[in-house]
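Chemist: Got a sequence here, can you build the structure:
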Amino acid sequence: MNETAPADTATEAPDEVRPATATEATDAALPVPTRRLRSELNLEQWPIWVPARSKHNAAPRTLTREIVGENGQKVTAEVAIAVSPKGSLTTEDQRTYYALVDHHQRNDPRDGLMYFSLRGLAKSLAKPWGSRTIETLTDSLIRLRMNTLGWKNSYYDAATGKAQEELGFFNIITDLKVITAKHDGHVTRAEGYFKLNDAIIANLERNYTKPVLLDVVLGFQSEIAQILYTQIDRILSKDITVYESRTKELFANLGLEGKKYGQPSGRKQVLETAIVEFQDAPLTNGLAIRSVTLEKTADDKDYKLVVRRGRARRPQATTETVFSEDQAEPPHSKKQAGEGRISQQVTIPVETGKGTDLLAYFHLVFFGTETVTTPPGLKHRNLADWMIASHGEEMSRYIVDFAKTEAEKTNFRIATFGAIANYVDRAVAHHTLEQAEAKRQEEARREAARQTEIDRERVAREQRGYQLFRELSDDDRNALMGEARALLITSEKWRNTDFSNDLFKMMFEKESEEKVRQDLLHLPAI
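Modeler: The predicted structure follows:
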């Protein structure tokens, strides 16, 4: 299916946009919601995501638009979206991608890989932990790994300053591994690593990006609202005050298909449900969507979506998703904290008796003494108890050791136990991978030992065969050799051999002797 994608400019049809007024241009930017990340701009400019709950069968799509090339000529830009066995790239995958980018930007990759846990990813996406969440997150990661994009005159490379003519077999994730551990049939741990496409990483590092308000995106109940918001925010965050588009062209541009969408009334019904969530939604430039309406077009044949921006009604408090030194838990928020954080909703178990020991171990590792001069605060004791209850005493000590090593790499000075919470998920994932590597090495060692034993037994058997052959009397040896020759001479291998050739004759004799030795090894012991 071919579709025409909306361009990332204010001048291309069918969308109509209006520049900001002088009054609005002087508006002071308001604080934005929690968790502001920067997404790679190419992926933001093309509507590659489809509704996750679509009833239509997944099918390949091709998005096209006309752009002006370097020589001033019009060029067709194209993005071909393939489909994997897990289906199309969906709005669920868009959220997962945002969470991965957020995790990537808050952590340092190791050997090019970014370690994570499914539980931490679920927290970042405000999903309840359970088998259903594990399944949906795993499927989403697989789609991001398997679904392929082909870019033609469409993928802008910030390093070269121009769009690449061809960039095929492009996967958003290029490396992925998830390791799960089960107890009584339930998944207790699911950690692993991922790697974003090198082209994405390169553009992220060069700031060829668009801001994304993650919690705003996660707050939408309607998938149509999510798709529309991410596109409208991209436009209204520029010097543009009003976005307008006929619903027919809008649905075609966004790849929204269905019999219901073929009629203006059907499109209007779908949009009326979605746009309710837009009102007062924050934009990434600090302003907000102030009004969203559906109006009849001048020819009375369709409706047009009209979105206007303005000042937000109430400032939105900003809370960074990074622990300060004296925090054991992140600040209060309607949303779950990001990966690697301990949510306020976590139920701290009753005193286990080991939390105090863990705090003493922390002081020994970081300050060289188990003596705690100042009694630890309740937050730190609760965090220590939670770590012991969730991961056990041995794993909790490993987390402390891991935090010490990683903090030294970045010259980060950890002064209180609360900062350890930043390293929990990474430490657990690292430990899981270490265990997997140790298991692999142990299996390799056992296989090498087994092969060595097989070789030893083979050599011993051969030596036993030679010994038995030498112990035969001349008469017995000649008789057995004669029987072996008589049997081999009729075989396919030797039937037509020219025994006047000394080499063949020598090979025949050696094989005859080998047969006698093997027969002697199979004789019952006397």
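Chemist: Break down this structure into its strands, ranges please.
Modeler: 2-4, 16-19, 36-40, 61-68, 74-81, 114-117, 149-157, 162-170, 173-183, 186-196, 209-213, 240-246, 288-296, 303-310 (DSSP state E).
Chemist: Looking at the fourth one now, give me its mean pLDDT.
Modeler: Here strand 61-68 scores 84 as its mean pLDDT.
Chemist: do the last one as well
Modeler: When pLDDT is averaged along strand 303-310, the result is 91.
Chemist: Repeat that for stretch 484-493.
Modeler: On average, stretch 484-493 scores 88.
Chemist: got it, and stretch 92-110?
Modeler: 88.
Chemist: Can you tell me which of the strands of the chain is most buried?
Modeler: strand 114-117 (a mean of 23; mean count of other Cβ atoms under 10 Å). (C-beta placed from N, C-alpha, C; glycine too.)
Chemist: Dump the strands of the chain into TSV; add distance to residue 361 as well.
Modeler: Formatted as TSV, the strands of the chain follow (distance: least, Cβ to Cβ, whole Å):
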stretch	distance to residue 361
strand 2-4	58
strand 16-19	59
strand 36-40	35
strand 61-68	55
strand 74-81	51
strand 114-117	23
strand 149-157	48
strand 162-170	47
strand 173-183	24
strand 186-196	22
strand 209-213	39
strand 240-246	56
strand 288-296	48
strand 303-310	53
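Chemist: Leaving aside the residues adjacent along the chain, what's closest to residue 190?
Modeler: Spatial nearest neighbour of residue 190, excluding adjacent residues (Cβ to Cβ, 6 or more residues apart in numbering): residue 118 at 3.8 Å.
Chemist: Wait, that neighbour touches residue 191, no?
Modeler: Yes: counting by Cβ atoms under 8 Å, residue 118 touches residue 191, with 7.2 Å between them.
Chemist: before we move on, back to that, run through the residues that contact the residue nearest to residue 190.
Modeler: 133, 134, 137, 138, 178, 190, 191 (Cβ atoms under 8 Å, 6 or more residues apart in numbering).
Chemist: Looking at these, which is nearest residue 521?
Modeler: For the contacts of residue 118, the closest approach to residue 521 (Cβ to Cβ) belongs to residue 178, at 50.5 Å.
Chemist: Now the closest one: closest residue in space, sequence neighbours ignored.
Modeler: Counting by Cβ to Cβ, 6+ apart, the residue nearest residue 178 is residue 192, at 4.0 Å.
Chemist: Any idea what that neighbour is bridged to?
Modeler: Under DSSP bridges, the beta-bridge partners of residue 192 are residue 116, residue 178.
Chemist: so where is this protein shaky, pLDDT-wise?
Modeler: Along the chain, segments meeting pLDDT under 70 span 1-34, 56, 69-70, 109-112, 182-188, 312-353, 370-374, 523-526.
Chemist: how does it look with 50?
Modeler: Filtered on pLDDT under 50, the chain yields the residue ranges 1, 3-15, 21-33, 315-352, 526.
Chemist: Could you identify the longest helix within it?
Modeler: helix 424-471 (DSSP state H).
Chemist: Show me how the chain divides into domains.
Modeler: 323-462, 472-526 (automatic domain parsing).
Chemist: Go through the ones you listed and name the closest to residue 228.
Modeler: Of those, nearest to residue 228 by Cβ to Cβ is domain 323-462, at 20.9 Å.
Chemist: residue contacts, the residue lying closest to residue 90 once chain neighbours are set aside?
Modeler: Nearest-residue entry for residue 90: residue 52, 3.9 Å, with adjacent residues in sequence omitted and distances by Cβ to Cβ, 6+ apart. Contacts here follow Cβ under 8 Å, 6+ apart; on that basis residue 52 touches 90, 91, 92, 93, 223.
Chemist: repeat that for 10 Å
Modeler: Going by Cβ atoms under 10 Å, 6 or more residues apart in numbering, residue 52 touches 87-95, 136, 140, 223, 226.
Chemist: who are the neighbours in contact with residue 281?
Modeler: So residue 281 contacts 33, 213, 216-217, 219-220, 225, 229, 232-233, 288-290, 292, 307, 309, 312 (Cβ under 10 Å, 6+ apart).
Chemist: swap the cut-off to 6 Å and go again
Modeler: residue 289 (Cβ atoms under 6 Å, 6 or more residues apart in numbering).
Chemist: Please apply the same query to residue 218.
Modeler: The contact partners of residue 218, by Cβ under 6 Å, 6+ apart, come to residue 126.
Chemist: rewinding a little: ok, the residue nearest to residue 190 to residue 175 distance?
Modeler: 16 Å (Cβ to Cβ, to the nearest Å).
Chemist: Next: residue 52.
Modeler: With Cβ to Cβ as the criterion, residue 52 and residue 175 are 24 Å apart.
Chemist: Check residue 142 too.
Modeler: Residue 142 is 13 Å from residue 175, by Cβ to Cβ.
Chemist: try residue 208
Modeler: Counting by Cβ to Cβ - residue 208 and residue 175 are separated by 22 Å.
Chemist: what do you get for residue 191?
Modeler: 15 Å.
Chemist: And for residue 485?
Modeler: Counting by Cβ to Cβ - residue 485 and residue 175 are separated by 61 Å.
Chemist: can I get the contacts of residue 52 in TSV with distance to residue 394?
Modeler: Below are the contacts of residue 52 laid out as TSV (distance: Cβ to Cβ, whole Å):
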residue	distance to residue 394
87	41
88	44
89	41
90	40
91	41
92	36
93	36
94	39
95	35
136	32
140	32
223	44
226	42
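Chemist: closest to residue 72 among the residues you listed?
Modeler: residue 89 (33.7 Å).
Chemist: tally of neighbours for the closest one?
Modeler: Taking other Cβ atoms under 10 Å as the criterion, the count of residues near residue 89 is 27.
Chemist: Might one say that it is in contact with residue 147?
Modeler: Yes: judged on Cβ atoms under 6 Å, residue 89 makes contact with residue 147 at a distance of 5.2 Å.
Chemist: From the contacts of residue 52, list the buried ones, please.
Modeler: 87-95, 136, 140, 223, 226 (16 or more other Cβ atoms under 10 Å).
Chemist: where exactly do the helices run in the stretch 201-350 of the chain?
Modeler: 214-219, 223-236, 247-253, 264-275 (DSSP state H, counting those that start in this stretch).
Chemist: now do the stretch 1-150 of the chain
Modeler: According to DSSP H, counting those that start in this stretch, the helices that the stretch 1-150 of the chain contains are 22-25, 41-45, 91-106, 118-124, 131-146.
Chemist: Off-centre distance for the longest helix of the chain?
Modeler: 34 Å (Cα atoms, centre = their mean, to the nearest Å).
Chemist: likewise stretch 136-144?
Modeler: For stretch 136-144, the distance to the chain centre is 8 Å (Cα atoms, centre = their mean).
Chemist: May I have it exported as CSV, CA atoms only?
Modeler: Extracted in CSV, the C-alpha atoms of stretch 136-144 (Å, rounded to 0.1, in the frame of the first residue of the first chain):
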residue,chain,number,x,y,z
THR,A,136,3.5,-7.5,25.5
LEU,A,137,6.8,-5.9,26.2
THR,A,138,8.7,-8.9,24.8
ASP,A,139,6.6,-8.8,21.6
SER,A,140,7.2,-5.1,21.3
LEU,A,141,10.9,-5.5,21.6
ILE,A,142,10.9,-8.2,19.0
ARG,A,143,9.0,-6.0,16.6
LEU,A,144,11.4,-3.2,17.1
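Chemist: partners of residue 243 in the sheet?
Modeler: With DSSP bridges as the rule, residue 243 is bridged to residue 17, residue 307.
Chemist: which residues touch it?
Modeler: If you count contacts by Cβ under 6 Å, 6+ apart, then residue 243 has 17, 232, 235, 236, 307 around it.
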